[in-house]
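*Asks:* What follows is a predicted protein model with its sequence.
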Amino acid sequence: MLMHPISILLLLACVTPLPTIDVQSLMMMMMNDEAEGSGYEEGPPAEQPTCPFGCQCNLRVVQCSDLGLHYVPYDIPPDTRLLDLQGNYITEIRENDFKGLRNLYALVLVNNMITKIHPRAFLPLERMQKLYLSHNRLTAVPKNLPVSLVELRIHDNQIKKVASGTFYGLTNMNCIEMGRNPIKNSGLEPGAFDGLHLSFLRISEAKLTGIPKGKNLPYSLTELHLDQNQIQAIELEDLLGLSYNKIRHIEDGSLYYVHSLRELHLDNNLLSRVPAGLPEMKHLQVVYLHSNNISSVGVNDFCPRTFGTKKTFYNGISLFNNPIQYWEVQPATFRCVSGRNAIQFGNYK
């Protein structure tokens, strides 16, 4: 089975997710979305404004972070748009914890101890777009997520399995971050991501030994991050671009079906040669191959033989920390590179 082509960008660099959520940035995103029209309907102000004890309530933002809470508090104003509950000791989300919060835009539950979420807990949140559940103790993706959801951050939990149909109906979802969960390839059931139109998916620092097959990935993906897994080989039908793995070999022809790629990150692996197929990638601009075992570079490893067939010149090729004698590399090797400063050699011990 051949992998569907990826149209824009396949970038798997090592970027560490932030342990906390910046509420100020969330507020800016919320205001921008409201200005563009996100379906929010502002109702009349409450006759008797309420605010949970110890929390701060202002401009439809309720901040209850780092208060030592064991449960979601009562008396959350019904017009709340952003609810910040990060950094508490909440272990369970109950059925009626968010009752009446139909206009909630973002819910932040990062850095708690949540092990259980009632299957009906999120049903009242008809307009929620951003859900942050990272750094908890969840063993499964919550059920009945709002169809309005655009972004889900659920990294640093104890999720081992993503069942078929988990995200069914979530056609607005654009971004899922679920790295640092003990997910194996066998834990990604066929159809796990069915119905999604994702642009961004990260399953980094998990227990994957191979790249998820094409039928398990949305066709809409433009960024797939799988760095720091246990992947040791790339097959013809797989996606490419894997930093910090143990890849020794890339099968000839593997790059053929990702010909529109703009960036390819294969640094910090065990490659002994430049992958075949780079000259045919007309739009490729950046290649990270540093910190491998590459000892030689051929004159046609990067550039096509025929002048004018490459649509964009390279503006970045990293080959440092490889056992390459750079003075033995022919100058014509980089004839399709924008300038000498775009090539990085040296620093091999």
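*Replies:* Right, received. Where do you want to start?

*Asks:* Give the buried residues for stretch 317-331.
*Replies:* Residues of stretch 317-331 classed as buried under the neighbour-count rule (16 or more other Cβ atoms under 10 Å) are Ile317, Ser318, Leu319, Phe320, Asn321, Asn322, Ile324, Val329. Every residue, glycine included, has its C-beta placed from N, CA and C.

*Asks:* Just name the closest of the residues you listed to Arg340, please.
*Replies:* Ile317 (10.8 Å; Cβ to Cβ).

*Asks:* Please report the distance of the closest one from Thr139.
*Replies:* Ile317 sits 43 Å away from Thr139, going by Cβ to Cβ, to the nearest Å.

*Asks:* and of the buried residues of stretch 317-331, the nearest to Glu280?
*Replies:* Nearest member of the buried residues of stretch 317-331 to Glu280, counting by Cβ to Cβ, is Ile317, at 16.1 Å.

*Asks:* and that closest one, what does it touch?
*Replies:* Each residue near Ile317 by Cβ atoms under 8 Å, 6 or more residues apart in numbering is listed here: Val286, Val287, Leu289, Phe302, Phe334, Val337, Ala342, Ile343, Gln344.

*Asks:* In strands, which of these appear?
*Replies:* Mapping these onto strands (DSSP state E) picks out Val286, Val287, Ile343, Gln344.

*Asks:* Would you agree Leu264 is in contact with Val286?
*Replies:* Yes - when contacts are counted by Cβ atoms under 8 Å, Leu264 is listed as touching Val286 (7.1 Å).

*Asks:* More neighbours: which of these two?
*Replies:* Ranked by neighbour count (other Cβ atoms under 10 Å), Leu264 and Val286 place Leu264 first, with 23 against 16.

*Asks:* My reading is that the more buried one lies in a strand. Confirm?
*Replies:* Yes - assessed with DSSP: H, G, I helix; E, B strand; the rest coil, Leu264 lies in a strand.

*Asks:* returning to what we had before: by neighbour count, which of the ones in strands among the contacts of Ile317 wins?
*Replies:* Val287 leads the ones in strands among the contacts of Ile317 on contacts (other Cβ under 10 Å) with 24 neighbours.

*Asks:* residues in contact with that one?
*Replies:* Going by Cβ under 8 Å, 6+ apart, Val287 touches Glu263, Leu264, Leu266, Leu278, Phe302, Tyr314, Gly316, Ile317, Ser318.

*Asks:* Show me what it bridges to in the sheet.
*Replies:* On the basis of DSSP bridges, Val287 is bridged to Leu264, Ile317.

*Asks:* Check it and give its pLDDT.
*Replies:* pLDDT, Val287: 92.

*Asks:* Could you check how far it is from Phe334?
*Replies:* Counting by Cβ to Cβ - Val287 and Phe334 are separated by 11 Å.

*Asks:* residues shared between the contacts of these two?
*Replies:* By Cβ under 8 Å, 6+ apart, Val287 and Phe334 have these common neighbours: Phe302, Tyr314, Ile317.

*Asks:* Output those as JSON lines; include the columns distance to Pro218 and pLDDT.
*Replies:* As requested, these are exported to JSON lines (distance: Cβ to Cβ, whole Å; pLDDT from 0 to 100):
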{"residue": "Phe302", "distance to Pro218": "31", "pLDDT": "94"}
{"residue": "Tyr314", "distance to Pro218": "29", "pLDDT": "93"}
{"residue": "Ile317", "distance to Pro218": "30", "pLDDT": "94"}
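
*Asks:* just those residues now: which is nearest Ser296?
*Replies:* Nearest to Ser296 among the shared contacts of Val287 and Phe334 is Phe302, at 13.1 Å by Cβ to Cβ.

*Asks:* Contact partners for the closest one?
*Replies:* Applying Cβ under 8 Å, 6+ apart to Phe302 gives the contacts Val274, Leu278, Pro279, Val287, Tyr314, Ile317, Thr333, Phe334, Cys336, Val337.

*Asks:* wait, is the third one part of a helix?
*Replies:* Yes - remark: Pro279 belongs to a helix, assigned using three-state DSSP.

*Asks:* on that earlier part again, take the contacts of Val287 and write them to CSV, including distance to Arg127.
*Replies:* Shown next, in CSV, are the contacts of Val287 (distance: Cβ to Cβ, whole Å):
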residue, distance to Arg127
Glu263, 35
Leu264, 39
Leu266, 41
Leu278, 46
Phe302, 49
Tyr314, 45
Gly316, 41
Ile317, 46
Ser318, 44
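
*Asks:* Just the pLDDT for Ala13.
*Replies:* 39.

*Asks:* check contacts around the residue most central in space within the chain.
*Replies:* Taking Cα atoms, centre = their mean, the centroid of the chain lies closest to Arg202, which sits 3.1 Å from it. Residues in contact with Arg202, defined by Cβ under 8 Å, 6+ apart, are Pro17, His155, Ile176, Glu177, Met178, Gly179, Leu224, His225, Leu226.

*Asks:* Tell me if I'm right that the fifth one and His155 touch.
*Replies:* Yes - in this structure, Met178 is within contact of His155 by Cβ under 8 Å, at 5.7 Å.
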